[in-house]
Each structure stands twice: as structure tokens, then as C-alpha cells.
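Colleague: sequence first, then the predicted structure, then my questions.
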Amino acid sequence: MNRWLSFLVVLFLVGCGSSRSARDSWTLEDLDDEVADSSGRTRVERAAVTTEVDPINFAPVGPTTTSFPVTTKRLFVSFRLRGVAPDSRLSVAWFREGEDQPLSETSETLSGDQRLAAEHQATTPFAPGPHFVRLSLDGEVLAQVPFEIEGPDPGAAAASASPATVSNLAVYAALDRRGQPRGRPSRTFPARTKSVHCAFLVSGASPGTAVTVRWMLGASVVATTDLGEVSGRRVLSATLDAPAALDSGEYTVEVQVHGQQRATATFTVLGGVTGGGRVVDLVLTRAIDRRTHRPSAAPTTNFSGDEETIYLCISHERLGSGDVVEVRWFQDDYPDEPMAVSTVPASGTGSLAASLSPDEPLPAGDYHADVVLRGRTVASVPFTVGP
């Protein structure tokens, strides 16, 4: 769910032909509209961001500036298109710089050259910072019109005034029909996963508390889920999905209250690396079959700390003949220095096992194992030691 799906986005279109009956009522601008673009190249002219447009000719009647206060409720982009082929598809998308998901987007099929205005009306305030409007025709970007939102972030004040707390954030492979988590939480999901879900508890929320979930792959925001306004104590959930499969990599899910971060969790979607090859499954266990390198004891992510050896079983596909899989074992309290590193040669499709054999019992706490292939961390699996 995109947090801006509830936005009212209005696209006004008007043809180049004029309904005026007298030629002497035309303006020079109208006359210019009648001149064909002899180059045949589609172009954008007189693009401007403004707070208001004329409902008849869609020209800006508000200030046409590149900077607007954070209290701005709505904006328009006014422009004209030249050299438009019939049945071309126009898309107008509003972005905050650095975010992959548009704040709002609309599209329309055009019959030819047009004068246009598109509106972005937010249900929550703009956030300060650089923004832009992207104009695309049949998937090709024609222009990006930049503008700035200036002023203190009203969401920060609302968040600081809100007593709401967020706890128990975790990521799951499935939800039930009520939107509640099903099964145990996980930090690792197999390749070709189509969706993951997060669930968390909001407590002490005053009426009108706005809750948003952001999904990030690395440093890029790939989706935003607006969960609306809540109050009191609520268990909430959100979903990240993709038509085919989620991209592999390390993700962060972030829960925001009035736009301010309150909780985060990380997870990994297993995948491949440049040149082919991928990790498709990870299992931690206390014992393995030496012939198949698969678990011979029950899979687990909870250990006593007294085990002589902990095994990580890895299933892989299409590795090269000279590939080496590296497993780095970490105590979470010391994330910059692995306790041990296992290296296992591998090729083709099959299974392998890496092991951790500590010299003394492991102290209680949180741990994880990173799988590194060709210098890139392609998977990570957490585990705990203790009661």
C-alpha cells in the first residue's frame, strides 16, 4: 500500500483548439499554440509549480516560485506539451528527493498537443527538503521540475507531543486473514520471495496519531505504507510485495509516528551476485549429515551456548567453479569484528555446511551469521544463545 494512495490527484486537460468565436480575442500565447513543432520532437514548455491555476486556461495565478512553506496544503504544476502523438500516455509524478516512491501520481491518454495542469493535494503536510515533479510520456521522462519545501517539520512537533510507543516489531513470511502474524518471525527469506510482512504494537497513542511504515533496500526507500491514524493500543501490520519477486539484499523496515522513527527491524532476502549464483536457503542446527551437508538435528535459532559446534547449512544455485562461500559469525554486541570466519569452496547447485566451534561456552545474547559471496553479503541469519 502506498501511503499516498489516499491523495486526491486531479489532472486537468484541455485541447489546443479554442472555442473563442472571434480571432481578435486571441492572445499572442494562443496564436503561438497554433504553430506546429516542425521538429516532431515532444517537448515541455513553460513548466512551473504554483499554488493555484486558472480553471479555464490552466495558467498559473498563484506565485510561480521554487520554494514553498512547509504549511502548503496543495501545489499545481502548469505546463504545455508540444509534438504529442495521438494516444500518448502522460504521467505526472510528485517526489521528495531521495525517495523512490512518488508522493502521488496520475496518468492520462492524450489526443495531441495539450495545455495541462496537475494537482498534488496531501492529506498530511509536506516534509521539508527538495522535491520535484516528473513529467513522462509513454514511459520516457520529458522533464523534472524542482521545488523546495522550507520550514520546520510539523511532524516532528506532533511526534514529540505524542505519547505513543512502538514495540515488538518483527518481520514474518505470512499473515492470517485478520492481519495477525502467522508463524515465527524471521530475518532471512528465500530467493524469489514475493512478499514479507511486519507486525508491531502501538501503545498509548492519543487520538489522531499518524503511523507510517517505510521499507528500505540498503539506503533507498522502496515502498511506504500509510496506516492512517490510530489511538490507544493497537496491533498493526504492513506488507511489502512485488509482482514477480522482491529484489535480493538487506532491508530495513521502519515504523514512524507523525513522520518520526520509533522502531526499526532488518531482514535479508536471499539472492545472487553479479555473474550468476545465489543462496536460496539457510538453516542453523546442532548436527548435520556429513554426506549431504543437510541438518540431521532439528533446525533451530536458539542455542544453549554449550554446543561444541553450531552448523549453518546453505543451499545454493549456479555457483562458479572457483567460488568460495564465506560465513562470518558475529556477536551482535560486537558487529565490527567477527568471532570466526568459515570458508567453504562451492560450485554448481547443491548444499554445503559451515561451522562455528567456540573454544569456550558462548555468552548469552544475540548473534548472527553473514554469508558472503564474491565480497558481497548475500544473506544473514540471526540466532540467540541463552535460556
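Modeller: Received, thanks.

Colleague: domains in this protein, by residue range?
Modeller: Per the record, the chain has its domains at 11-150, 156-269, 278-385, by automatic domain parsing.

Colleague: which residues touch the residue lying closest to Asp241 once chain neighbours are set aside?
Modeller: Of all residues not flanking Asp241 in the chain, Ser195 sits nearest, at 3.7 Å (Cβ to Cβ, 6 or more residues apart in numbering). Using the backbone N, CA and C atoms, a C-beta is placed for each residue, glycine as well. The contact partners of Ser195, by Cβ atoms under 8 Å, 6 or more residues apart in numbering, come to Thr239, Leu240, Asp241, Ala242, Leu246.

Colleague: filter those to the buried ones?
Modeller: Thr239, Leu240, Leu246 (16 or more other Cβ atoms under 10 Å).

Colleague: with secondary structure added, can I get these in CSV?
Modeller: Output for those, formatted as CSV (DSSP: H, G, I helix; E, B strand; the rest coil):
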residue, secondary structure
Thr239, strand
Leu240, strand
Leu246, coil
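
Colleague: tell me how far Phe58 lies from Val371.
Modeller: Distance, Phe58 to Val371, using Cβ to Cβ, to the nearest Å: 55 Å.

Colleague: okay, the two: which has more neighbours?
Modeller: Counted by other Cβ atoms under 10 Å, Phe58 and Val371 do not tie: Val371 has more neighbours, with 24 against 20.

Colleague: give me the element that one is part of.
Modeller: Using DSSP states H and E, Val371 sits in strand 365-373.

Colleague: that strand: what's the following helix or strand?
Modeller: Following strand 365-373 toward the C-terminus (DSSP H and E): strand 376-385.

Colleague: just to revisit the earlier point, in TSV: the contacts of Ser195, plus distance to Gly375 and pLDDT.
Modeller: What follows is these, written out as TSV (distance: Cβ to Cβ, whole Å; pLDDT from 0 to 100):
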residue	distance to Gly375	pLDDT
Thr239	32	93
Leu240	27	92
Asp241	30	89
Ala242	26	84
Leu246	22	84
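
Colleague: looking at those residues, which one is closest to Thr349?
Modeller: Within the contacts of Ser195, proximity to Thr349 (Cβ to Cβ) peaks at Leu246, which comes in at 21.5 Å.

Colleague: would you confirm that the closest one contacts His197?
Modeller: No. Using Cβ atoms under 8 Å, Leu246 is not in contact with His197, being 12.0 Å away.

Colleague: now list whatever residues contact both of those two.
Modeller: Counting by Cβ under 8 Å, 6+ apart, the residues touching both Leu246 and His197 are Leu240.

Colleague: now do the helices in this structure.
Modeller: Secondary structure of the chain (DSSP state H): helices at 28-33, 154-161.

Colleague: pick out the shakiest of those helices, pLDDT-wise.
Modeller: Least confident of the helices of the chain, judged by mean pLDDT, is helix 28-33 with a mean of 38.

Colleague: picking that back up, any idea which of the domains of the chain scores lowest on pLDDT?
Modeller: Among these, domain 11-150 scores lowest, at a mean of 76.

Colleague: returning to that earlier point: pairing partners for the strand holding Val371, with directions?
Modeller: strand 324-331 (antiparallel), strand 376-385 (antiparallel) (DSSP bridges).

Colleague: just the buried residues of that strand, please?
Modeller: Tyr367, His368, Ala369, Asp370, Val371, Val372, Leu373.

Colleague: out of the contacts of Ser195, which comes closest to Val44?
Modeller: Distances from Val44 to the contacts of Ser195, taken by Cβ to Cβ, are shortest for Ala242, at 31.3 Å.

Colleague: which residues sit in contact with that closest one?
Modeller: Here Ala242 is in contact with Lys194, Ser195 (Cβ under 8 Å, 6+ apart).

Colleague: where's it relative to Glu119, distance?
Modeller: 29 Å.

Colleague: who's in contact with the residue nearest to the spatial centre of the chain?
Modeller: The chain has Val222 as the residue nearest its centroid, 1.7 Å off, counting by Cα atoms, centre = their mean. Residues in contact with Val222 (Cβ under 8 Å, 6+ apart) are Asp100, Gln101, Trp215, Met216, Leu240, Asp247.

Colleague: looking at strand pairing, list the partners for Ser88.
Modeller: Applying DSSP bridges to Ser88 yields these beta-bridge partners: Leu110.
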